[in-house]
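Engineer: Need coordinates for the below:
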Amino acid sequence: MKKYCVILILICTISIHAQNQTNEHSFLNKAEFKVGYYGNLLWDNGLNSGIEYLWKEKVVVKAKKKGQKIIVHQFLFNGSLGYATNFANKTDNGLHTYYGLIWRRTNPKRRQFHIEVNPLGYYRSFLKETFEVKGDNVSKVKFPGRHYYAPSMAIGIGRQRKEKRRSGWYLNFNYTLRMPYNTGVLPNFSLQYGYRFNFKNKNQ
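Structural biologist: Numbering: from 1, shown residues only. Reported below is the predicted structural model:
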């Protein structure tokens with residue numbers, strides 16, 4: 001009987017350990033969501049939401065006179081979706097999405113600096129009521145607008161919440177290219193300000 005009890009306890013221990021390992025490396029445990037303002041504060045304003053997934057993390061511990069100094073370097077996969085418009089006259093409406101990689105550094109005071117590169121980007125503009133003329137016929141265009149390839153990059157700052165691993169606020173300065181725009185490329189500057197959060201763990 002004792003032999004079977006020992007085997008049962010061993011199986012339960014292995015099962016709990018495996019479950020903890022699975023939870024530790026689960027998608028929600030490594031993912032953080034973000035939502036915030038997107039635009040340039042003048043004629044283009046909207047909302048942006050997205051997700052960041054932790055790929056690699058390196059913790060550097062440096063010995064100082066006042067104690068240890070811990071610096072965290074992270075690489076994260078990034079995906080985002082947003083919409084912005086000119087609320088005054090609705091002449092600049094656009095849906096954007098992009099995907100790429102983020103490098104982030106967090107210092108001992110929880111201040112963060114990050115660089116974001118998004119080679120996969122798409123922008124869809126929406127025009128106001130539009131008509132087209134073909135011969136003697138005039139017809140209304142359904143869903144008028146244009147499609148653009150829109151890669152982007154950003155430099156940003158932020159701060160991690162106290163006693164949290166990744167949640168916190170962020171401020172990004174974005175530079176996006178829309179192409180082909182007529183016969184060339186249209187550069188676009190924008191700001192992102194928002195908050196990152198995690199659903200899985202209170203310590204996130």
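
Engineer: the helices in this structure, which residues?
Structural biologist: Along the chain, the segments classed as helices by DSSP state H run 2-24, 27-30.

Engineer: which of those has the lowest average pLDDT?
Structural biologist: Comparing mean pLDDT across these, the weakest is helix 2-24, with a mean of 43.

Engineer: quick one: least confident helix or strand in the protein?
Structural biologist: helix 2-24 (a mean of 43; mean pLDDT, DSSP states H and E).

Engineer: Output the below-cut-off pLDDT ranges for the chain.
Structural biologist: For the chain, the stretches with pLDDT under 70 are 1-25, 90, 129-133, 135-141, 143-144, 163-166, 183, 200-204.

Engineer: ok, which stretches of it are strands?
Structural biologist: 31-39, 45-64, 67-85, 93-106, 111-126, 131-134, 137-140, 147-149, 152-160, 168-181, 184-197 (DSSP state E).

Engineer: Return the distance of stretch 89-97 from the chain's centre.
Structural biologist: 20 Å (C-alpha atoms, centre = their mean, to the nearest Å).

Engineer: Only C-alpha atoms, please: export that stretch in CSV.
Structural biologist: Output of stretch 89-97 as CSV, limited to C-alpha atoms (Å, rounded to 0.1, in the frame of the first residue of the first chain):
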residue,chain,number,x,y,z
ASN,A,89,-14.5,67.3,-41.7
LYS,A,90,-13.9,63.5,-42.0
THR,A,91,-11.6,63.9,-45.0
ASP,A,92,-8.8,61.8,-43.6
ASN,A,93,-10.1,58.4,-42.4
GLY,A,94,-7.9,55.4,-42.2
LEU,A,95,-7.5,51.9,-40.8
HIS,A,96,-4.0,50.7,-40.1
THR,A,97,-2.4,47.5,-38.9
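
Engineer: Run through who's touching that stretch.
Structural biologist: 43-44, 79-86, 121-128, 145, 150, 176 (C-beta atoms under 8 Å, 6 or more residues apart in numbering). The way it works is simple: take the backbone N, C-alpha and C, and place the C-beta from them, glycine included.

Engineer: how does it look with 7 Å?
Structural biologist: With C-beta atoms under 7 Å, 6 or more residues apart in numbering as the test, stretch 89-97 has contacts from 43-44, 80-86, 122-126, 128, 150.
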